[in-house]
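Asks: sequence and predicted structure, then a few things I'm wondering about:
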Protein chains: 4
Amino acid sequence: MDSRRAESFSDGVFAVAITVLVFSLLTVADKTSTLTVAGQPGHPGLVHYWPAYLAYVVSFLTIGIMWLNHHTMFSQVTNVDRPVLVLNLLLLMGVVVIPFPTALVADHLTGKASAGAQANVAAVTYGLVMMAISIAYASVWIYLASHQEALGARRRVHRPRLSTFRFTLGNAGYVAGTLIALVSAVAALVIFGLLAVYYMIEHLPSEAVESDAAVEASGATGRS
Amino acid sequence: MDSRRAESFSDGVFAVAITVLVFSLLTVADKTSTLTVAGQPGHPGLVHYWPAYLAYVVSFLTIGIMWLNHHTMFSQVTNVDRPVLVLNLLLLMGVVVIPFPTALVADHLTGKASAGAQANVAAVTYGLVMMAISIAYASVWIYLASHQEALGARRRVHRPRLSTFRFTLGNAGYVAGTLIALVSAVAALVIFGLLAVYYMIEHLPSEAVESDAAVEASGATGRS
Amino acid sequence: MDSRRAESFSDGVFAVAITVLVFSLLTVADKTSTLTVAGQPGHPGLVHYWPAYLAYVVSFLTIGIMWLNHHTMFSQVTNVDRPVLVLNLLLLMGVVVIPFPTALVADHLTGKASAGAQANVAAVTYGLVMMAISIAYASVWIYLASHQEALGARRRVHRPRLSTFRFTLGNAGYVAGTLIALVSAVAALVIFGLLAVYYMIEHLPSEAVESDAAVEASGATGRS
Amino acid sequence: MDSRRAESFSDGVFAVAITVLVFSLLTVADKTSTLTVAGQPGHPGLVHYWPAYLAYVVSFLTIGIMWLNHHTMFSQVTNVDRPVLVLNLLLLMGVVVIPFPTALVADHLTGKASAGAQANVAAVTYGLVMMAISIAYASVWIYLASHQEALGARRRVHRPRLSTFRFTLGNAGYVAGTLIALVSAVAALVIFGLLAVYYMIEHLPSEAVESDAAVEASGATGRS
């Protein structure tokens, strides 16, 4: 199967999953609306639900960066075989789950429950989902890197050690975040957000070089 | 109409339907959140809702494998006519329904209701939806196979008997699962999951051969 | 703008809108689940919610056929200008609304309310949305047909009278259905379903001819 | 990365976000349904929820026009680099949020709450989200315009002053609307709707000229 087809379906799933994150915010709209109807004078305002907004931003950046790196990963091959597709499906199964721990964190950090064990359970669940996705990501990556010839690699994977280092560092970050979630849910959420920013920035130099090269190549061959 | 256009729309529907499955999990987030607010000390935790997670995994794999096989099916023709599009629409009407029996199974297997008739009704509904989708799938397949010339077949369908055998076996599996659902909802759900894994693995050999051939062909013609 | 780009976005909206229809069914799952938890022995089963299933089938077929005809309409031009895009946006604004009257019909026809004015209001709302969409459809069609040269028509629109007849007949059908909805909501829903089937079947002959021609053309030019 | 890929993902996000707007209407369906079940004779009808319909139309047009202009913006380059993708991600993060203030406005303007501070808070939130999106939009635009050579510009951006004028005017409009929201939520919503119509109409002349040119170019080169 043409790898672009698999990417196209994955793009669709990423696009829907990233948009489903807004349902945590729609829940906030429902809650504030219900309170209005009940006519309680001292009900909490929109600011009260800050964990929902923080969780939205962290999860949006995380899925967004995953989408970017997913493309970089699949753009290295022209074809995909059945094992790649199945591994990719497991990866997507993790990505689609993300709105669930996001909602858990948004719900359980709000109000008086924030000091309790509920918030920690929610943040640990968030971390476990991220670790599962990291493992699925690494599986797809390792399979693609070790079957380059069969899958029609567009360019040889350079600096595999750096990639391995990145994956290991990212995974270590999620493990650390999950452990910290046992103590502080908010601190864990901030770490998960910083990991997304790390993945966003860290790839910048190599990507810039590659895209410049791609521009030149497209200029030379007339293929954009 | 170009068959790629029909595939593109189908891809979109598959991508959205597979992502809608997360709403069963968002319901779990809502339930645990409401209980927290109510301040009940002995309320059930996230583990209590294991049927929702099991149902999510089974339905995700099922829709995912359906998407893979849908592509294999439509990649055999270059054009589609009105009857194919209408049959495909009926197939998609079944695929989009899947989150409904998934939510039923997730809801009705949880808690004290698990021993009751409600769980069996939910699992039977799941099985009936799967049987309807299998029939729609077979209809599209039979129409495509019997109109290969008119639809600009890319390659002759080989081993039609094996395909028929697969369809029959899959259908028989769903019938058996639905009957077992009358006795045990959990056992039925496990069978539906195994059927998805069966469809995932069983196609591996022939697909691998075809994709190798495709790589060679693309290498020869320069078309990826 | 390339007309394919506009079609691609429209496809996405159609795909999401058609999948959102399942939320009427997820509401049914929620209702039956809540009743289970409450432990009411004589609560209504899944069959009780038949209006939700009927509304789902009617709306799914309606959006599906609209997608098919949307493609036929846009495949006649190679480019689109700003007015077409704005008119198309208004059309999509109507298509995205469809899950709303679908949910209204599903909710208000169920149970004791079925005999009351609520059901009629819901069915009339459904009809009014369909009439608005028909008008938006006709607007796009008339604009495309009267700007064929500027938009790079692929083939001249033949039989414009037949098309006008179809639009008029369809609109008349929705007007009739809306009037009948004042008396019987179920009868109106059945009429809306029959109109979808009519649009599905009626186009068959001409489409078959065109697709045959397209196959020949693609065979001759090697472009699929 | 090919700019079409980034557009394709953005298209998906726009398509899903614009369709998620219907959930404000599905909430209306739920509310009227619950009231029916409760059997309250004097409950408000569908007309009572007019703020939900108004908010739907305003937000649909806003996202729709944003999609159109997003395409115009990205069609000027053939490649995108990492900074563009990250800025675009921040823009999409704002677009996906839109259903949230839409739901707030729909909920808080309905009924007796319409005269209260809740409605103003909702409308101000709507305006703040729009201002954030405007800033993200301008950031992407400025980056694209100042890196035209590196990104393989298809045509030089002409009349940058006019574009800057438009952005400034639009931003000023949203600032004015947000300030007015402090006094009247309905007036602010109408202004936000007029801004969408402004962006729809104002681009017409230049777009028409460009699309004519594009038609000629495509006729000359045979590339559509």
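Replies: Yep, it's here.
Asks: let me see the ranges of the helices in chain A.
Replies: A:3-20, A:22-38, A:50-74, A:82-97, A:99-109, A:117-146, A:160-181, A:185-202, A:204-221 (DSSP state H).
Asks: quick check: which of those is buried the most?
Replies: helix A:99-109 (a mean of 27; mean count of other Cβ atoms under 10 Å in any protein chain shown). Placement of C-beta: from N, CA and C, glycine included.
Asks: export the helices of chain A to JSON lines and tack on mean pLDDT?
Replies: Below are the helices of chain A laid out as JSON lines (pLDDT from 0 to 100):
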{"stretch": "helix A:3-20", "mean pLDDT": "90"}
{"stretch": "helix A:22-38", "mean pLDDT": "75"}
{"stretch": "helix A:50-74", "mean pLDDT": "91"}
{"stretch": "helix A:82-97", "mean pLDDT": "93"}
{"stretch": "helix A:99-109", "mean pLDDT": "90"}
{"stretch": "helix A:117-146", "mean pLDDT": "89"}
{"stretch": "helix A:160-181", "mean pLDDT": "80"}
{"stretch": "helix A:185-202", "mean pLDDT": "88"}
{"stretch": "helix A:204-221", "mean pLDDT": "41"}
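Asks: format these as JSON lines; extra columns: distance to chain B.
Replies: Below are the helices of chain A laid out as JSON lines (distance: least, Cβ to the nearest Cβ, whole Å):
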{"stretch": "helix A:3-20", "distance to chain B": "3"}
{"stretch": "helix A:22-38", "distance to chain B": "6"}
{"stretch": "helix A:50-74", "distance to chain B": "11"}
{"stretch": "helix A:82-97", "distance to chain B": "4"}
{"stretch": "helix A:99-109", "distance to chain B": "4"}
{"stretch": "helix A:117-146", "distance to chain B": "5"}
{"stretch": "helix A:160-181", "distance to chain B": "14"}
{"stretch": "helix A:185-202", "distance to chain B": "13"}
{"stretch": "helix A:204-221", "distance to chain B": "12"}
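Asks: got JSON lines for the ones you listed, with distance to residue B:132 too?
Replies: What follows is the helices of chain A, written out as JSON lines (distance: least, Cβ to Cβ, whole Å):
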{"stretch": "helix A:3-20", "distance to residue B:132": "23"}
{"stretch": "helix A:22-38", "distance to residue B:132": "29"}
{"stretch": "helix A:50-74", "distance to residue B:132": "33"}
{"stretch": "helix A:82-97", "distance to residue B:132": "23"}
{"stretch": "helix A:99-109", "distance to residue B:132": "28"}
{"stretch": "helix A:117-146", "distance to residue B:132": "31"}
{"stretch": "helix A:160-181", "distance to residue B:132": "41"}
{"stretch": "helix A:185-202", "distance to residue B:132": "41"}
{"stretch": "helix A:204-221", "distance to residue B:132": "47"}
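Asks: out of those helices, the one nearest residue B:45 is which?
Replies: helix A:117-146 (7.0 Å; Cβ to Cβ).
Asks: now the closest one against helix B:22-38, angle please.
Replies: Going by axes from the mean of the first three to the mean of the last three Cα atoms, to 10 degrees, helix A:117-146 is angled at 160 degrees with respect to helix B:22-38.
Asks: out of the helices of chain A, which is closest to residue B:179?
Replies: Among those, helix A:82-97 sits nearest to residue B:179 (Cβ to Cβ), with 28.4 Å.
Asks: quick check: angle from that closest one to helix B:50-74?
Replies: 140 degrees.
Asks: chain C is nearest to which of the helices of chain A?
Replies: helix A:3-20 (7.5 Å; Cβ to the nearest Cβ).
Asks: quick one: work out the angle between that closest one and helix D:82-97.
Replies: Going by the same axes, to 10 degrees, helix A:3-20 makes 50 degrees with helix D:82-97.
Asks: what does chain A put close to chain C?
Replies: Those residues of chain A that sit near chain C, judged by Cβ under 8 Å from any Cβ of the partner chain, are residue A:16.
Asks: how about the contacts made by the closest residue to residue A:69 other than its chain neighbours?
Replies: Using Cβ to Cβ, 6 or more residues apart in numbering or on different chains and skipping the chain neighbours, the partner closest in space to residue A:69 is residue A:199 (6.7 Å). Counting by Cβ atoms under 8 Å, 6 or more residues apart in numbering or on different chains, residue A:199 touches A:65, A:69, A:170.
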